[in-house]
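**Q** sequence first, predicted model second:
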2 protein chains.
Amino acid sequence: MKRKVTLKQIAKELDVSISTVSKSLRNSAEISEDTKLKVQAFAKLYNYRPNNIALSLKNKKTKTIGIIIPEIVHHFFATVISGIEQVANENGYNVIVCLSNESFDKEVINMEVLANGSTDGFIMSLSKETQQKKDFHHIEEVINQGMPVVMFDRITNDVLCDKVIIDDQRAAYEAVDFLINNGFKNIALVTTVDYVSVGKLRTDGYTNAMQDHDMPVSDNMIVKIEDIDNCATKIEKLLLENKPDAIFAVNELFAVTSIKLATKMGIKVPEELSVIGFTDGIISQFSSPSITTVSQNGIKMGGRAAQMLIDRLELEEENEQYTTELIETHLVERESTSTL
Amino acid sequence: MKRKVTLKQIAKELDVSISTVSKSLRNSAEISEDTKLKVQAFAKLYNYRPNNIALSLKNKKTKTIGIIIPEIVHHFFATVISGIEQVANENGYNVIVCLSNESFDKEVINMEVLANGSTDGFIMSLSKETQQKKDFHHIEEVINQGMPVVMFDRITNDVLCDKVIIDDQRAAYEAVDFLINNGFKNIALVTTVDYVSVGKLRTDGYTNAMQDHDMPVSDNMIVKIEDIDNCATKIEKLLLENKPDAIFAVNELFAVTSIKLATKMGIKVPEELSVIGFTDGIISQFSSPSITTVSQNGIKMGGRAAQMLIDRLELEEENEQYTTELIETHLVERESTSTL
DNA sequence: GAACGTTACGCAAACGTTGTCGTGTTGAAA
DNA sequence: TTTCAACACGACAACGTTTGCGTAACGTTC
């Protein structure tokens, strides 16, 4: 086993000082060509690579981005990570991923651990519990210590920092608008509980679209789901009692679940019921019928978030100007909607 | 903005030495109660936390695990990461994730970068290109430098290290066996090209099961797919010309694609064609019909891999004994298979 | 009052870098 | 021969920690 070689070892081996070795490898003009060549050859032979940790300590920069998200077994979050990773990599950064599992405490702990020197900044999406508690002291604190934070998707306006989101309300509005323009009269909404910020915004988009077209917004037509595992009865009740001709669901899972339940009840999709989902993930693409959905480009979102963070990291002067960037969405028409 | 406080600053503030502060905070018996209390109170007030980077440099341990996988927008890999993260976290480790995007070069670069002090060890799954080239020098090198590596799923026997896999061949055998026992006579295989190790093993499992039941293994009944985007014609040809009554697909995507194509051609699943997939991901669960599949527990796989790595990291003496652990699989019966 | 033990702290090295500054040796100009 | 720049290199500090060891001050013992 040959352990990694250090400057000190090279110096000892060649009988020069550590500084000479360091300077030679960085091609300093201070060192003679002879010595430089000798050192460089030796370093190459022994495959010398500077120790990242030592560099981090010296430079006070880790070239590492901390990502804190609720979960990773989730198509959208996975695409965002993918986008972050790509941009980070292009800029010489690595990413360290922490999962909050929707828990406030774990989110706090993860941030605190990473903030102690492990990363230069954060990209994060809030856990449900954090959104519910509205407690953002851990994020404020990190920002206060001079570490930039970029929030995406599940954000809060209570924290001043860069943000990347889609225009959830508008995207939902357009989806519902699409249904209305196609002649649907009885449009139901399957959404999350209100404290999930994106759920709330999408709900608002639905409401606004309905109202703008002078269509009634009835509580009977709105199902708010807290726990996906126990949502069946609620949706079945909706289908049975209110007979919607279209459903707008605020995520894939709600969409596909609605379709499955409808099919089981003998309601044909899309002939008797059209369904639009949100998030263009695996489910929307591969379920039968495939699902018409609002596509949010996670790769792009992650990429932008990473770029914003890196830009801020590599800026010398502090910039108190924070921006919120909108990633455009578009409706992907598939098989789950019919045009009447 | 209040930057993070260091031992030095506390020492200066309280007019004691750095060592006194350090020892006080670690509750050393060398320091008087008075001083300890004073220092601890001050540290708490200023929310002192040791700098991870400095600790890493000193201890030559980063408490970080490097994960290198082909992609992350992939249900199975996401579950594995989730499993790794959980166990890592319980043991005070963080994970840093790198994606090879199935590229050999990127895999090599990622390993080299992380090996320069950023992580204590690796958990990885080989990129397709690496499996094709059979070039594992980057992994050998890392191991040679004393960093443990645990490989999972896409492994190679050419490298000596701990491994976590499912018994791909056996799992495939059992799936095909299940079909045979249910009376299917004309069982096709949709698989990958041979250099993908798991694809090959699953193919072998199919072949063995067929042979053990004295059923013919015909090349016509085996479709090897290199590129998912251009596989339609091959599968259509299979369905049209060879009229299988069942298909065993070596992954979800192949399974769902086969079902979709069959349905499009008017072949009813499962009435006229039964399909079994591999990997119990989102697609299998939510497509219609839902897909009978071989479930490989990614969470468990990741968890075991992490535990193996950590065990080795926290062992003092070197242990040249490497183990390959098998994670059990089981068949999840759903709607895509009928019992004749 | 000398010898010794205990207490409570500080010094310094180490981890692996980088970069500033100081210094010894050369060769050339005066 | 003296002076001085240019050259080539080394010493050292710094980044933030931990820890072994040295030591000043004090109190006890005979």
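**A** Perfect, I can see it now. Residues are numbered from 1 along each chain as shown, chains lettered A, B, ... in the order given.
**Q** what's downstream of the worst-scoring helix or strand of chain A on mean pLDDT, the next helix or strand?
**A** Using mean pLDDT, DSSP states H and E, the weakest-scoring helix or strand in chain A turns out to be helix A:282-286, at a mean of 87. Downstream of helix A:282-286, the first helix or strand assigned by DSSP states H and E is strand A:292-296.
**Q** so what's the gap between that following strand and the chain middle?
**A** With Cα atoms, centre = their mean, to the nearest Å as the basis, strand A:292-296 stands 16 Å off its chain's centre.
**Q** can you show me the CA trace of the very next helix or strand once past that strand as PDB?
**A** Per DSSP H and E, the first helix or strand lying C-terminal to strand A:292-296 is helix A:298-313. The C-alpha trace of helix A:298-313 is given here as PDB (Å, rounded to 0.1, in the frame of the first residue of the first chain):
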ATOM      1  CA  GLY A 298     -35.700  20.200 -12.500                       C
ATOM      2  CA  ILE A 299     -32.400  20.000 -14.300                       C
ATOM      3  CA  LYS A 300     -32.700  23.600 -15.300                       C
ATOM      4  CA  MET A 301     -33.800  24.600 -11.800                       C
ATOM      5  CA  GLY A 302     -30.900  22.900 -10.200                       C
ATOM      6  CA  GLY A 303     -28.500  24.300 -12.700                       C
ATOM      7  CA  ARG A 304     -29.700  27.800 -12.100                       C
ATOM      8  CA  ALA A 305     -29.600  27.400  -8.400                       C
ATOM      9  CA  ALA A 306     -26.100  26.200  -8.500                       C
ATOM     10  CA  GLN A 307     -25.000  29.000 -10.800                       C
ATOM     11  CA  MET A 308     -26.600  31.600  -8.500                       C
ATOM     12  CA  LEU A 309     -24.800  30.100  -5.500                       C
ATOM     13  CA  ILE A 310     -21.400  29.900  -7.300                       C
ATOM     14  CA  ASP A 311     -21.700  33.400  -8.700                       C
ATOM     15  CA  ARG A 312     -22.300  34.700  -5.200                       C
ATOM     16  CA  LEU A 313     -19.400  32.600  -3.800                       C
END
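**Q** buried residues of helix A:298-313, list them for me.
**A** By neighbour count on 16 or more other Cβ atoms under 10 Å in any protein chain shown, the buried set for helix A:298-313 is A:298-310, A:312-313. Quick note: C-beta positions are derived from backbone N, CA and C, even for glycine.
**Q** buried sites along stretch A:57-71?
**A** The neighbour-count check on stretch A:57-71 (16+ other Cβ under 10 Å) flags A:57, A:62-71 as buried.
**Q** just to revisit the earlier point, which helices and strands does the least confident helix or strand of chain A pack with?
**A** Applying 3 or more Cβ pairs under 8 Å, 6 or more residues apart in numbering or on different chains; DSSP states H and E, one finds that helix A:282-286 contacts helix A:252-264, helix B:252-264, helix B:282-286.
**Q** okay if I get those helices as TSV plus distance to B:F178 and mean neighbour count?
**A** Listed next are the helices and strands packed on helix A:282-286 as TSV, based on distance: least, Cβ to Cβ, whole Å; neighbours: other Cβ atoms under 10 Å in any protein chain shown:
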stretch	distance to B:F178	mean neighbour count
helix A:252-264	25	22
helix B:252-264	14	22
helix B:282-286	15	23
